[in-house]
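A.B. asks: sequence first, predicted coordinates after that:
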Amino acid sequence: MTAGLRSVTALGAHHDRSRFGCGSEVLDRYLREQVTQDIRRRVAACFVMLDGNVVAGYYTLSAVSVALADLPHDVARRLPRYPAVPAVRMGRLAVDLQYRGEGYGAALLVNALQRAAGSEIPAVALAVDAKDDQVAAFYRHFGFMQLANDPLAFFLPLATVK
């Protein structure tokens, strides 16, 4: 592992995104072409794991609300009876193929959880959408629970992170 590779910081203009390739053209293109627009428009924040100045992995966070009815009863019963509760969405999580199998995806997920749980803006959970069953298994491994009505939508209460 390269020294400093596990440090995660907000994406900056000086970070090299040009060589990033995670095996998903959609995620690669997003990092190279769209993420700066989302940041500028305050739609999402992007955090990167760097190898020197090269992006080895990234994730995005944004605000979202989760319908109380979509949460499991044992979780929902402990929350105020609002129609929806505030959450943080991790919209994207990707690791460059060169760094796969080294635990960097898990490190990025933990960083996102810590960042969401430590925010001054309250949120009940970190919500994610898995693109397939393999990614769903990744989130289940870390204790994420399925939201109602969507087998690929998951959440983890941020109270469990603190």
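C.D. replies: Structure's in. What do you need?
A.B. asks: point to the helix or strand of the chain where mean pLDDT is at its lowest.
C.D. replies: Least confident element among the helices and strands of the chain, by mean pLDDT, DSSP states H and E: helix 73-76 (a mean of 90).
A.B. asks: any regions of the protein where pLDDT drops low?
C.D. replies: Applying pLDDT under 70 to the chain flags the ranges 1-6, 162.
A.B. asks: isn't V128 right up against F138?
C.D. replies: No: with contacts defined as Cβ atoms under 8 Å, V128 does not count as touching F138, sitting 9.5 Å away. For every residue, glycine as well, the C-beta is placed using N, CA and C.
A.B. asks: for the two, indicate the residue with more neighbours.
C.D. replies: Here V128 and F138 are compared on neighbour count by other Cβ atoms under 10 Å; more neighbours surround V128, at 26 against 17.
A.B. asks: can I assume A116 sits in a helix?
C.D. replies: Yes: read with DSSP: H, G, I helix; E, B strand; the rest coil, A116 is one of the residues of a helix.
A.B. asks: mind listing the residues bridging to the closest residue to it other than its chain neighbours?
C.D. replies: If the residues on either side of it in the chain are set aside, A116 comes closest to V88, at 4.1 Å by Cβ to Cβ, 6 or more residues apart in numbering. With DSSP bridges as the criterion, V88 is bridged to A63, L126.
A.B. asks: wait, V88 touches A123, no?
C.D. replies: Yes: with contacts defined as Cβ under 8 Å, V88 counts as touching A123 at a distance of 4.7 Å.
A.B. asks: centre of the chain to stretch 7-17, how far?
C.D. replies: Taking Cα atoms, centre = their mean, to the nearest Å, one finds stretch 7-17 lying 16 Å from the centre of the chain it belongs to.
A.B. asks: all helices for the chain, in order.
C.D. replies: With DSSP state H as the definition, the chain shows helices at residue ranges 25-29, 35-40, 73-76, 104-117, 133-141.
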